[in-house]
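**Q** Sequence first, then the predicted structure:
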Amino acid sequence: MTRPEWFVALGLLVFALGSVRLLFVRDIVTRLVALNIAGAGVFLVLIALAARTDPPDPVLHALVLTGIVIAVSVTGLGLVLIRRSDDGADESRDGDAP
């Protein structure tokens, strides 16, 4: 196997591990981390596919760079929404107590 083929296989493995964890875990923060791991596997596959040609495909590199920026911002938004939903659930439980 060539080096890009190894990276494609590794990327698919990372994607599969993240996807399995995403499906079988109930904790929402762990699911968000698993989604990021699956995304990292996709980025690895795209970079490996870009490296197959000489010179490397700049479009795939730009796509991965844009995906990283979007993944970081969506992760931040997801963490804020998780925190707010947990705070809202705590306030509703406190309001019912005498």
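**A** Right, received. Where do you want to start? Numbering: from 1, shown residues only.

**Q** what helix or strand is residue 78 on?
**A** In this structure, residue 78 is located in helix 58-96 according to DSSP states H and E.

**Q** I'd like the distance from that helix to the chain centre, please.
**A** Centroid separation between helix 58-96 and its chain, computed with CA atoms, centre = their mean, to the nearest Å, is 11 Å.

**Q** Could you list every helix and strand in contact with that helix?
**A** Counting contacts by 3 or more CB pairs under 8 Å, 6 or more residues apart in numbering; DSSP states H and E, helix 58-96 is packed against helix 28-50. Backbone N, C-alpha and C define where each C-beta goes, glycine included.

**Q** Buried residues, the helix it packs on. List them.
**A** 31-36, 38-50 (16 or more other CB atoms under 10 Å).

**Q** ok, the residue nearest to the spatial centre of the chain to residue 79 distance?
**A** What sits nearest the mean C-alpha location of the chain, by CA atoms, centre = their mean, is residue 36, with 1.7 Å. Note on residue 36: its distance to residue 79, by CB to CB, to the nearest Å, is 11 Å.

**Q** Could you name every residue contacting both of those two?
**A** Shared contacts of residue 36 and residue 79 (CB atoms under 8 Å, 6 or more residues apart in numbering): none.

**Q** got any ranges where the chain has weak pLDDT?
**A** 92-98 (pLDDT under 70).

**Q** Give the closest residue to residue 40 in space, chain neighbours not counted.
**A** Residue nearest to residue 40 in three dimensions, not counting chain neighbours: residue 14, with 6.1 Å by CB to CB, 6 or more residues apart in numbering.

**Q** Mind checking what secondary structure the one you found has?
**A** Following DSSP: H, G, I helix; E, B strand; the rest coil, the label given to residue 14 is helix.

**Q** In contact with it: list those residues for me.
**A** Taking CB under 8 Å, 6+ apart, one finds 37, 38, 40, 41, 44 in contact with residue 14.
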